[in-house]
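Peer 1: One predicted model, sequence on top.
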Amino acid sequence: MSCRRPLPLLALALALALAVLAGCRSEDDGPERPDGGGGVLAGLAGVRDTRSGLEEIEDGVRGLVIVADLDEDITVAQLTTVLETLAAERPDFATLSLGWGKLPDDTSSLGGKDLVDLAYATLPATATERAEQFLTAARTFDGSVTLGPRGTEVVLADESPDAVTAAIRTTLADPVLRQVPDLSIRTGQRQPRDSSGLAAHAPVTAATLARWQALRGTLDRAPAGATAQTWIGEAGAVGDPAAPTRVRLDLVLPGVDRKGVVTPTAWGDRLWPLLRAQLDVVATLPRGTTYDVRVDVSGGGLPATDDLVALTLGAGPTPGRPPTAWDRRAASYLESVTSG
């Protein structure tokens, strides 16, 4: 793992959307906040460059935007002060890059960098905890780390699912990283839908690693010529191992570029070994866990998928859509391995 991959623009789009939904001010919504010259973060230790002020963030909507580039060697105490200052200022949109080396006019160009990317500077833990966790992750993993309102996202430089296994082991071995709440780790493909990984809504544990390893092992059963990516979302709270989770399998199959062609008749012998192995893992998970299988049918054009399987452990195919032949086969198999 040696190079950095660009992050998708999802974090930027999410921050802007949250800012609008949270009630960003229009030009007629009262007095404007003053621009503090170099900005509210100017002069703080560890801040290399910064700007802040009222900017248009949507058509006809202005809000306080704070952008800063942090020194590569900023300390935990210094970053804590920066985050506390942001929290007190309550900007509508804030982006802090770590070691960018310049202050860009367009924050979307920060893709692939270690970032603190916030709307209304909300964090799910104290500034002190988050500062140490973010800096430790950024200085541990090859790739990029983003700290945002929804947690910490690690996008690894390596595109192999085995890199996720190594990253989880590293997390468990580190006294700071193993306390990180709301942590996601994924492989380095440009788009999340093209990657493998996990999202843990509680600090990772040995059980998290075991679940991931079991799921990762199923990918070795993918059909020849196929690309298979898998994802597990740990939906449970701390201390609640019985909480359901989510498992997803994304496939790119050779010669498949339209819906309706990946049927059990045409693909059963090639695809069922992989699906059966994944269902064996799903069967060990808490009741209520969801399982989805999607095949990419974009053919190089706009994103499009054929949803082969959508079911819930203990409840069968997901309501609201006609069950597919794959749904029925998968649900029947799950029932056979869990009914005893």
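Peer 2: Sure, I can see it.

Peer 1: Flag the shaky bits of this structure, pLDDT-wise.
Peer 2: The model of the chain has pLDDT under 70 over residues 1-37, 104-111, 120-121, 123-125, 234-241, 340.

Peer 1: run the last query once more with 50
Peer 2: Residues of the chain meeting the criterion pLDDT under 50: 1-37, 237-239.

Peer 1: In it, where's the longest strand?
Peer 2: As assigned by DSSP state E, the longest strand anywhere in the chain is strand 47-58.

Peer 1: May I see the buried residues of that one?
Peer 2: Val47, Arg48, Asp49, Thr50, Arg51, Ser52, Gly53, Leu54, Glu55, Ile57 (16 or more other CB atoms under 10 Å). Placement of C-beta: from N, CA and C, glycine included.

Peer 1: just the helices in the stretch 101-250 of the chain please.
Peer 2: 127-138, 161-173, 206-218 (DSSP state H, counting those that start in this stretch).

Peer 1: now, of the ones you listed, which is deepest in the fold?
Peer 2: helix 127-138 (a mean of 21; mean count of other CB atoms under 10 Å).

Peer 1: that older thread, just the buried residues of strand 47-58 now: which is nearest Gly39?
Peer 2: Ser52 (3.4 Å; CB to CB).

Peer 1: got the contact list for the spatially closest residue to that closest one that is not a sequence neighbour?
Peer 2: Nearest residue to Ser52, sequence neighbours excluded (CB to CB, 6 or more residues apart in numbering): Gly39, at 3.4 Å. By CB atoms under 8 Å, 6 or more residues apart in numbering, Gly39 lies in contact with Thr50, Arg51, Ser52, Gly53, Ile66, Val67, Ala68.

Peer 1: count of neighbours near the closest residue in space to Arg248 that isn't next to it in sequence?
Peer 2: Of all residues not flanking Arg248 in the chain, Trp231 sits nearest, at 4.4 Å (CB to CB, 6+ apart). When neighbours are counted by other CB atoms under 10 Å, Trp231 registers 22.

Peer 1: returning to what we had before: between the helices of the stretch 101-250 of the chain, which one is closest to Leu147.
Peer 2: helix 127-138 (4.5 Å).

Peer 1: how about the CA coordinates for the closest one, as PDB?
Peer 2: Extracted C-alpha coordinates of helix 127-138, given in PDB (Å, rounded to 0.1, in the frame of the first residue of the first chain):
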ATOM      1  CA  ALA A 127     -13.100  17.200  20.000                       C
ATOM      2  CA  THR A 128     -10.200  15.700  22.100                       C
ATOM      3  CA  GLU A 129     -11.200  12.100  21.200                       C
ATOM      4  CA  ARG A 130     -11.800  12.900  17.600                       C
ATOM      5  CA  ALA A 131      -8.500  14.900  17.100                       C
ATOM      6  CA  GLU A 132      -6.400  12.000  18.400                       C
ATOM      7  CA  GLN A 133      -8.400   9.400  16.500                       C
ATOM      8  CA  PHE A 134      -8.200  11.300  13.200                       C
ATOM      9  CA  LEU A 135      -4.500  12.000  13.400                       C
ATOM     10  CA  THR A 136      -3.700   8.500  14.400                       C
ATOM     11  CA  ALA A 137      -5.700   7.100  11.500                       C
ATOM     12  CA  ALA A 138      -4.200   9.500   9.000                       C
END
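
Peer 1: helices or strands up against that helix?
Peer 2: helix 76-89, strand 143-148, strand 151-156 (3 or more CB pairs under 8 Å, 6 or more residues apart in numbering; DSSP states H and E).

Peer 1: Of those, give the one that comes closest to Phe134.
Peer 2: strand 143-148 (4.5 Å).

Peer 1: Compute the inter-axis angle for that closest one and helix 127-138.
Peer 2: 160 degrees (axes from the mean of the first three to the mean of the last three CA atoms, to 10 degrees).

Peer 1: for Arg321, what are its contacts?
Peer 2: Counted by CB under 8 Å, 6+ apart, Arg321 has contacts Asp307, Ala310.

Peer 1: Look up how far Arg216 lies from it.
Peer 2: 28 Å (CB to CB, to the nearest Å).

Peer 1: count of neighbours near Arg186?
Peer 2: Neighbours around Arg186, by other CB under 10 Å: 24.
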